[in-house]
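A.B. asks: Give me the fold of what follows.
(4 chains)
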There are 2 protein chains.
Amino acid sequence: MEESLLLSKKGLIRDTVSLVESYPKVALTVDCIIFGFEENKLKILLIRSDLEIFEGKWSLLGDFARETETLEEAAHRVLLERTGMTDVFLDQVGTFSDPYRHPGGRVITAAYCSLLNIKHHELEITENELHWHSVKEIDEMAFDHLEILQSCFRWLQKRIQEHPLGFNLLPEKFSLRELQNLYEAILNIELDRRNFRKKFLSMDFLIDTGEMEEDVKHRPGKLYQFNFEKYEKNKRKWVGIDF
Amino acid sequence: MEESLLLSKKGLIRDTVSLVESYPKVALTVDCIIFGFEENKLKILLIRSDLEIFEGKWSLLGDFARETETLEEAAHRVLLERTGMTDVFLDQVGTFSDPYRHPGGRVITAAYCSLLNIKHHELEITENELHWHSVKEIDEMAFDHLEILQSCFRWLQKRIQEHPLGFNLLPEKFSLRELQNLYEAILNIELDRRNFRKKFLSMDFLIDTGEMEEDVKHRPGKLYQFNFEKYEKNKRKWVGIDF
DNA sequence: AGAACAATATGTAATTTTTACACACTATAA
DNA sequence: TTATAGTGTGTAAAAATTACATATTGTTCT
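C.D. replies: Reported below is the predicted structural model:
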């Protein structure tokens, strides 16, 4: 084999830049699926689509990825730009690549899930009618965003049974009832109050704050905190929640 | 608001094509992580990298995605081109987007996992030294492929405990011992023979073929088949394997 | 042919986890 | 003061998991 600028003696590719330039290029975006929990309902943060073709339809928070950032960084940036949040849990759920999913041409999008506490994050920016929607009531969206949402919802259902992610949706201090409502709402099942309590207390990462609920019109329940430290330490051994 | 070609009266974007054209574009590839099982070891199909910068290093089977195919279609195509297989299970595991993961510039890659039976798929094409490698022995790869492999391996470990995917790695007819070897190899644990048998038989999707192992130098075991139909039917109720 | 060997096949008792409940307690509201 | 609607705790039965023992059926060695 003759040596050249493109190929080495052994026929290996030298000019990787030209190689990459020869690939077809596509637009790449991230979409953030931001879950919250309020009034015992799972909610999601949406904006109005700003495309005429989707006039009136709701859309996920998304943006194209910049040249020098990872998709995860892009998702964090979108989250920051839209909600002002930093330091938040984010997980890649999937990448959606139907060539015709965007009316303007090929756009691939990576979906990132985030769970946050609605009360802790008052919406300061409400451009494009940004606000919380009850997940159950959403039946139509712009692009393939309904499909993406459903995919993320299934992911969440599975995830909260394996990891105590749900705590990110609750206030710092919460009652066992609130925790149970969260699980019931997301999994769409009813759970036995006593067995639920037993299960979570036996996992041993709830801290009794000594405080009680206030402003409830019945006997107030104890308030707990999530022991992140203990959870992180015992993570390996911990297998799941299993309802 | 003035109506224009770009914007509607309400300020909504009309020209979606220009919108997408304004996004930065990146090269997009798929990489196939093809697992197999042989000699009681989990294996993966690799080729030699054809980039000089990675001379001698091993690389996943990958290719850029074409303009009109989904990533999943691209993965199926790669699989077909490299192994001749059609009709195979494929699952998206994740998308890797470090801006510097490819020496020639930004290339995003989506990882797809596939499990197949090595004996059923003799390698006809052996270009680029395509062959099976023991997963345990791989400690260096081209690009970020080692990271991708590890990510897929963890995915597989989790997945075979939730779904009977492992059957795709075995011959059509297999003994319980082979099945146990598979689980032990992938999960890297030892399982009690009697309890393992009990667990799988109670799941009730193994068909006793009536046939026995041959060419073994000890008492031959029964051969079973996986009852895909029954599994599909009871999927919803079935929660997992749980070791 | 017979004995040693190396697996398969099956069973069972003890333990742990899950499930299905009952009842006492404490705040609010009438 | 009492009814009501929650919280907080316990417990017995059922189911699942675990830790084992023993019988069976081939091969191999002498």
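A.B. asks: Shouldn't A:Arg82 be within a helix?
C.D. replies: Yes. A:Arg82: assigned to a helix according to DSSP: H, G, I helix; E, B strand; the rest coil.
A.B. asks: count of neighbours near it?
C.D. replies: 20 (other CB atoms under 10 Å in any protein chain shown). Bear in mind the C-beta positions are built from the backbone N, C-alpha and C, glycine included.
A.B. asks: ok, the nearest residue to it once chain neighbours are set aside - contacts?
C.D. replies: Distances taken as CB to CB, 6 or more residues apart in numbering or on different chains put A:Leu61 closest to A:Arg82, at 4.9 Å, once the chain neighbours are dropped. Shown in contact with A:Leu61 (CB atoms under 8 Å, 6 or more residues apart in numbering or on different chains): A:Asp31, A:Cys32, A:Ile34, A:Leu45, A:Leu46, A:Ile47, A:Val78, A:Leu79, A:Arg82, A:Leu130.
A.B. asks: Flag the least confident of those residues.
C.D. replies: pLDDT across these is lowest for A:Arg82, at 86.
A.B. asks: contacting residues for that residue?
C.D. replies: A:Cys32, A:Leu45, A:Ile47, A:Leu61, A:Ile125, A:Leu130.
A.B. asks: In chain A, which helix is the longest?
C.D. replies: The residue-count maximum for a helix in chain A (DSSP state H) belongs to helix A:145-162.
A.B. asks: And the helices in chain A, which stretches?
C.D. replies: A:16-21, A:71-83, A:145-162, A:176-187, A:193-203, A:228-234.
A.B. asks: Go through those and name the closest to B:Phe167.
C.D. replies: Among the helices of chain A, helix A:145-162 comes nearest to B:Phe167, with 21.4 Å by CB to CB.
A.B. asks: List the buried residues of the closest one.
C.D. replies: A:His145, A:Leu146, A:Ile148, A:Leu149, A:Ser151, A:Cys152, A:Phe153, A:Trp155, A:Leu156, A:Arg159, A:Ile160, A:Gln161 (16 or more other CB atoms under 10 Å in any protein chain shown).
A.B. asks: Turn these into CSV, columns for distance to DNA strand C.
C.D. replies: Below are the buried residues of helix A:145-162 laid out as CSV (distance: CB to the nearest atom of the strand, whole Å):
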residue, distance to DNA strand C
A:His145, 35
A:Leu146, 32
A:Ile148, 32
A:Leu149, 29
A:Ser151, 27
A:Cys152, 26
A:Phe153, 23
A:Trp155, 22
A:Leu156, 21
A:Arg159, 18
A:Ile160, 16
A:Gln161, 11
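A.B. asks: In terms of distance to DNA strand D, which of those residues ranks first?
C.D. replies: DNA strand D has its nearest neighbour among the buried residues of helix A:145-162 in A:Gln161, at 14.9 Å by CB to the nearest atom of the strand.
A.B. asks: wouldn't the closest one be in contact with A:Leu191 here?
C.D. replies: No. Between A:Gln161 and A:Leu191 there is no contact under CB atoms under 8 Å: 11.8 Å.
A.B. asks: where do the strands sit along chain A?
C.D. replies: For chain A, the strands defined by DSSP state E occupy A:25-38, A:41-48, A:58-59, A:61-64, A:91-96, A:107-115, A:131-134, A:206-212, A:222-226.
A.B. asks: what packs against the second one?
C.D. replies: If I follow you right, that is strand A:41-48. Packing partners of strand A:41-48 (3 or more CB pairs under 8 Å, 6 or more residues apart in numbering or on different chains; DSSP states H and E): strand A:25-38, strand A:58-59, strand A:61-64, helix A:71-83, strand A:131-134, helix A:145-162, helix A:176-187.
A.B. asks: hang on, the earlier thing: where do the contact lists of A:Gln161 and A:Leu191 overlap?
C.D. replies: With CB under 8 Å, 6+ apart as the test, A:Gln161 and A:Leu191 both reach A:Phe243.
A.B. asks: got any ranges where chain A has weak pLDDT?
C.D. replies: For chain A, the stretches with pLDDT under 70 are A:1-5, A:236-239.
A.B. asks: residue nearest the centroid of it?
C.D. replies: A:Cys113 (1.6 Å; CA atoms, centre = their mean).
A.B. asks: Contacts only, for that residue.
C.D. replies: Neighbouring residues of A:Cys113 by CB under 8 Å, 6+ apart: A:Cys32, A:Ile33, A:Phe35, A:Leu90, A:Asp91, A:Val93, A:Cys152, A:Trp155, A:Leu156.
A.B. asks: rerun at 6 Å
C.D. replies: Residues in contact with A:Cys113 (CB atoms under 6 Å, 6 or more residues apart in numbering or on different chains) are A:Ile33, A:Asp91, A:Val93, A:Cys152.
A.B. asks: Return the set of residues that bridge with it.
C.D. replies: Per DSSP bridges, the residues bridged to A:Cys113 are A:Ile33, A:Asp91.
A.B. asks: now it: how far from A:Ser151?
C.D. replies: Distance, A:Cys113 to A:Ser151, by CB to CB, to the nearest Å: 10 Å.
A.B. asks: now A:Gln92
C.D. replies: 12 Å.
A.B. asks: Quick check: of the contacts of A:Arg82, which lies closest to chain B?
C.D. replies: Chain B has its nearest neighbour among the contacts of A:Arg82 in A:Ile47, at 12.7 Å by CB to the nearest CB.
A.B. asks: where's that closest one relative to DNA strand D, distance?
C.D. replies: Separation of A:Ile47 from DNA strand D (CB to the nearest atom of the strand, to the nearest Å) stands at 35 Å.
A.B. asks: Can you give me the neighbour number for the nearest residue to that residue once chain neighbours are set aside?
C.D. replies: Residue nearest to A:Ile47 in three dimensions, not counting chain neighbours: A:Asn128, with 3.8 Å by CB to CB, 6+ apart. As a burial measure, A:Asn128 scores 15 neighbours (other CB under 10 Å).
A.B. asks: If anything else comes up later, I'll come back, but that's it for now.
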